[in-house]
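In: Take a look and give me a structure for this.
(one chain, ligands or ions: 1)
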Amino acid sequence: MKIKEFLEKSGCEKNLCELMGRVIPQAIKKIRETIQSQSGELAGSKNASGEKQLALDVQSNQIVVDELKAFGLVESMASEELEGLVEGKKGAPFTVVFDPLDGSSLVDVNLAVGSIFGIYPAGNLIGKTGEDQLASCFAVYGSRLTLVLTVKKGTHEFRLNANGDFYLTKENLQIAPQSKYFAPGNLRAAAESDAYLKLTNDWIKRGFTLRYSGGMVPDINHILLKGSGIFSYPGYSKAPRGKLRLLFECAPMALLAEQAGGSATDGQNRLLSQKITELHQRTPIFVGSSEEVKHAGFALLKS
Ligand code: P6P
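Out: Just a heads-up that it's a prediction; the model follows:
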């Protein structure tokens with residue numbers, strides 16, 4: 001079943017169906033083409049978080065902005081690559097936030113990368129929480145081009161076919177409460193936090209299989225598709241709130257995980273309940289199998 005047909009059958013509101021079923025798929029197909037053709041040179045600029053931008057980051061960002069503007073039903077958009085909001089059409093129903101190419105530095109070593117999107121009702125994002133998202137999704141530019149999305153009616157995977165359309169491949173992905181895999185990000189933190197060191201050692205001693213690529217999108221995609229696992233990226237002295245952004249990375253991922261029966265916290269509190277206070281705020285994240293996310297929270301309390 002084609003993605004738009006699936007969304008329409010699910011009872012998704014017409015304009016949201018269009019956004020999730022045509023506009024975003026169109027943008028990610030163009031981003032994949034850019035990845036194939038573009039080398040990984042630096043753009044000579046930095047993003048709002050002070051990180052050096054690759055030409056790929058800038059081009060991917062522009063593709064998404066152009067597609068959303070052409071769609072015409074986006075009142076404003078925010079990107080990990082831009083300081084402030086981009087105005088769209090006044091009175092339009094949606095605000096869209098995105099990381100246009102997460103993990104772009106992995107393109108040069110030919111590892112999988114992704115794009116992440118969160119869809120909110122139009123209006124001021126400040127004061128909202130990830131719970132207010134109407135939908136979220138990510139694209140994985142890997143061996144295949146896949147799109148994992150939710151419109152808050154479960155989490156589902158679609159794959160790009162040779163005919164240029166996305167078709168449903170996995171409906172209602174489920175993350176089991178018990179974990180069998182671990183994706184331990186920011187192990188630098190284990191060098192100074194005995195609790196995180198103990199937690200990662202605990203995962204090893206319990207025989208979890210390591211699946212960590214350095215790309216948040218493929219690493220969490222692995223948990224969703226295998227139906228088990230935990231991804232962690234805690235803070236530490238140099239970055240107390242960690243590296244990953246609430247709006248552009250963590251909240252969209254948390255919604256997809258919860259819709260698949262998993263959970264996501266900042267180590268202690270539910271991630272989807274975290275208030276948005278600024279566009280580029282960072283948050284620690286533990287996401288995946290609900291029992292393991294809870295276990296991690298207790299383990300970190302012993303720090
Ligand atoms: P580190 C990629 O740059 C990214 O934003 C996420 O995709 C990934 O999980 C994380 O950073 C990796 O961070 O500190 O290991 O390079």
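
In: quick one: residue 227 from the ligand, how far?
Out: Distance, residue 227 to the ligand, using C-beta to the nearest ligand atom, to the nearest Å: 20 Å. C-betas here are computed from N, CA, C, even on glycine.

In: these two touch, right, that residue and residue 177?
Out: No - assessed by C-beta atoms under 8 Å, residue 227 is found out of contact with residue 177, at 10.6 Å.

In: count of neighbours near the residue nearest to residue 253 when sequence neighbours are not counted?
Out: Among residues not flanking residue 253 along the chain, residue 220 sits closest, at 5.5 Å (C-beta to C-beta, 6 or more residues apart in numbering). Neighbour count for residue 220, taken as other C-beta atoms under 10 Å: 29.

In: Contact partners for residue 220?
Out: 138, 183, 231, 253, 256, 257, 287, 288 (C-beta atoms under 8 Å, 6 or more residues apart in numbering).

In: could you redo the last one with a cut-off of 10 Å?
Out: With contact set as C-beta atoms under 10 Å, 6 or more residues apart in numbering, residue 220 has these partners: 114, 116, 138, 140, 148, 175, 183, 229, 231, 249, 253-254, 256-257, 262, 264, 285, 287-288.

In: can you tell me which of those residues are in strands?
Out: Mapping the contacts of residue 220 onto strands (DSSP state E) picks out 114, 116, 138, 140, 148, 183, 231, 264, 285, 287, 288.

In: Might you report the residue contacts of the second one?
Out: Yep, that's residue 116 we're talking about. 80, 97-102, 136-139, 216-217, 220, 245, 247-253, 256.

In: Just the pLDDT for whatever residue of the stretch 201-303 of the chain ends up closest to the ligand.
Out: Here the stretch 201-303 of the chain gets closest to the ligand at one residue, residue 216, 3.3 Å apart by C-beta to the nearest ligand atom. We have a pLDDT of 98 for residue 216.

In: Likewise for residue 36?
Out: Reported pLDDT for residue 36: 93.

In: I figured it hits residue 141, correct?
Out: Yes - applying C-beta atoms under 10 Å, one finds residue 36 in contact with residue 141, separated by 9.2 Å.

In: If you count surrounding residues, which of those two has more?
Out: residue 141 (25 against 9).

In: show me where pLDDT drops low in the protein?
Out: For the chain, the stretches with pLDDT under 70 are 303.

In: So residue 26 belongs to a strand, correct?
Out: No - if the criterion is DSSP: H, G, I helix; E, B strand; the rest coil, then residue 26 is helix and not within a strand.

In: Please identify every residue contacting each of residue 36 and residue 141.
Out: Residues touching both residue 36 and residue 141 by C-beta under 10 Å, 6+ apart: residue 107.

In: what residues are up against residue 45?
Out: 52, 53, 54, 55, 57, 58, 81 are the contacts of residue 45 under C-beta under 10 Å, 6+ apart.

In: Is residue 84 in contact with residue 125, as I believe?
Out: No - counting by C-beta under 10 Å, residue 84 does not reach residue 125; the two are 11.3 Å apart.

In: Show me the common contact partners of the two, please.
Out: Common neighbours of residue 84 and residue 125 (C-beta under 10 Å, 6+ apart) are 76, 78, 279.

In: any chance of these in TSV, plus distance to the ligand, secondary structure and neighbour count?
Out: Below are the shared contacts of residue 84 and residue 125 laid out as TSV (distance: C-beta to the nearest ligand atom, whole Å; DSSP: H, G, I helix; E, B strand; the rest coil; neighbours: other C-beta atoms under 10 Å):
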residue	distance to the ligand	secondary structure	neighbour count
76	23	strand	22
78	16	strand	22
279	16	coil	20
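
In: Leaving out the residues flanking it, which one is nearest to the single nearest residue of the stretch 51-200 of the chain relative to the ligand?
Out: Nearest to the ligand in the stretch 51-200 of the chain, going by C-beta to the nearest ligand atom, is residue 103, at a distance of 4.0 Å. Nearest residue to residue 103, sequence neighbours excluded (C-beta to C-beta, 6+ apart): residue 215, at 3.7 Å.

In: list the contacts for the one you found?
Out: With C-beta under 10 Å, 6+ apart, residue 215 has these contacts: 102-107, 111-114, 140-142, 183, 221.

In: how about 7 Å then?
Out: 102, 103, 106, 111, 112, 113, 114 (C-beta atoms under 7 Å, 6 or more residues apart in numbering).

In: Could you save those residues as TSV and add columns showing secondary structure and neighbour count?
Out: Listed next are the contacts of residue 215 as TSV, based on DSSP: H, G, I helix; E, B strand; the rest coil; neighbours: other C-beta atoms under 10 Å:
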residue	secondary structure	neighbour count
102	strand	24
103	coil	20
106	helix	20
111	coil	15
112	coil	21
113	strand	27
114	strand	29
